[in-house]
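Undergrad: build me a structure from this.
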Amino acid sequence: MTDSAALLGLHDDQVRGTVADRLPSGWKPSWDGPVLRVATPARGIVFARHLDAVPGDELDALVGRTIEFFADQGLPFEWKTYGHDRPDLPGRLAATGFAPGPEETVVIGPAADLVDAGVAPGGIRIRATTAPDDLRRIADLQSEVWNADWSWLADDLADRIASGPDNIVVLVAEAGSTIVSTAWLVILPGTEFASLWGGSTLLGLRGRGIYRALVAQRARIAVQRGIRYLWVDASADSGPILRRLGLRAVTTTTPWVWTP
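TA: Okay, the predicted model is just below:
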């Protein structure tokens, strides 16, 4: 199945519809009607579906209660919106103090189509890891690439590995003993999907095919695990690469961020 509308329907049912069933143990969920509020050690995340029939005043009240919920914990949080959802939601979030983060493109395609996406260039070795020291080095690399504090990531990855060791594969690409790129595969148990997360490469080594090699390695693992589809919330940098590899754009997603 490669029709964009059909892939979007699968994504809504199998990816968005199963969020609460696959959270790491350190993530604490609670529901308020159609809104799933998740408190993580670093921030909050809000997922919501089926908002079209909610009257405007009730939706505004939901937003207000969600702000109070995370404000009481002193947590910043993001409300994850989608381009094919209720069109007035972003405006309602903006009116209550949310700020939009970078828009990402949701791309999906068969895992089998990506197994030959690329090979590691000479001098680069790709390996899987669960070692705590490597997880800290991954967090350091992400902090450098994104120019932000990603120190929380080491604990988050460790939590995911401990919560479901068969549902995540963390990869690093090394030049000698230096980690130069990272990526992980997150498997959604009980679905046909896995997701490509964390693909980041140090600035000086971009354009050499390391990202594509990490895509191919994760695709091969996914196929070995019986996964049919790969999905990515793709940035402006990775989206064009993934679309050239054959993934289809099905919608967009934007994090709307509220900060205490």
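Undergrad: going forward, measure contacts between C-alpha atoms and count neighbours the same way
TA: Will do.
Undergrad: what is the closest residue to residue 48 other than its chain neighbours paired to in the beta sheet?
TA: Of all residues beyond its chain neighbours, the one nearest residue 48 is residue 35 (4.6 Å), with distances taken as CA to CA, 6 or more residues apart in numbering. Applying DSSP bridges to residue 35 gives these bridge partners: residue 32, residue 48.
Undergrad: tell me, how many residues neighbour residue 35?
TA: 19 (other CA atoms under 10 Å).
Undergrad: confidence score at it?
TA: Residue 35 carries a pLDDT value of 97.
Undergrad: that one reaches residue 47, doesn't it?
TA: Yes. Counting by CA atoms under 8 Å, residue 35 does reach residue 47; the two are 6.0 Å apart.
Undergrad: let me see the mean pLDDT of stretch 44-52.
TA: 96.
Undergrad: check which residues of that stretch are buried.
TA: Applying a neighbour-count criterion of 16 or more other CA atoms under 10 Å, one finds 44-48 buried in stretch 44-52.
Undergrad: so where's this protein uncertain?
TA: For the chain, the stretches flagged by pLDDT under 70 are 1-2.
Undergrad: what ranges does it have for its helices?
TA: Assigned by DSSP state H, the chain shows helices spanning 4-10, 56-71, 89-95, 132-146, 152-163, 210-224, 238-244.
Undergrad: go through those and pick out the most buried.
TA: Greatest average neighbour count among the helices of the chain goes to helix 210-224 (a mean of 23), per mean count of other CA atoms under 10 Å.
Undergrad: contacts only, for residue 111.
TA: Applying CA atoms under 8 Å, 6 or more residues apart in numbering to residue 111 gives the contacts 219-220, 222-223, 227-230.
Undergrad: from residue 116, how far out is residue 51?
TA: Distance, residue 51 to residue 116, by CA to CA, to the nearest Å: 40 Å.
Undergrad: any idea how far residue 115 lies from residue 91?
TA: 41 Å.
Undergrad: same check, this time on residue 9
TA: For residue 9 relative to residue 91 (CA to CA), the value is 25 Å.
Undergrad: same question, residue 149
TA: Distance from residue 149 to residue 91, counting by CA to CA: 29 Å.
Undergrad: now swap in residue 193 and tell me
TA: 31 Å.
Undergrad: other residues contacting stretch 210-221?
TA: Against stretch 210-221 from outside (CA under 8 Å, 6+ apart): 111-112, 114-121, 124, 126, 171, 173, 181-185, 196, 199-201, 230.
Undergrad: filter those residues down to the buried ones, PyMOL style.
TA: Command for PyMOL that selects the buried part of these, burial taken from 16+ other CA under 10 Å:
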select buried, resi 111+112+114+115+117+118+119+120+124+126+171+173+181+182+183+184+185+196+199+200+201+230
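Undergrad: name the residues of stretch 9-20 that are buried.
TA: Per 16+ other CA under 10 Å, stretch 9-20 contains these buried residues: 10-11, 14-15, 18, 20.
Undergrad: show me how far it is from its chain's centre.
TA: Between the mean C-alpha location of stretch 9-20 and the chain-wide mean there is a distance of 13 Å, by CA atoms, centre = their mean, to the nearest Å.
Undergrad: what lies in contact with it?
TA: So stretch 9-20 is contacted by 29, 36, 49, 188, 191-193 (CA under 8 Å, 6+ apart).
Undergrad: among the residues you listed, which two are most distant?
TA: The two members of the contacts of stretch 9-20 with the most space between them (CA to CA) are 29 and 192, at 23.5 Å.
Undergrad: before we move on, the earlier item: could you dump the buried residues of stretch 9-20 to TSV with distance to residue 142?
TA: Shown next, in TSV, are the buried residues of stretch 9-20 (distance: CA to CA, whole Å):
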residue	distance to residue 142
10	30
11	27
14	28
15	25
18	27
20	26
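Undergrad: let me know the closest of the residues you listed to residue 95.
TA: Distances from residue 95 to the buried residues of stretch 9-20, taken as CA to CA, are shortest for residue 20 (27.8 Å).
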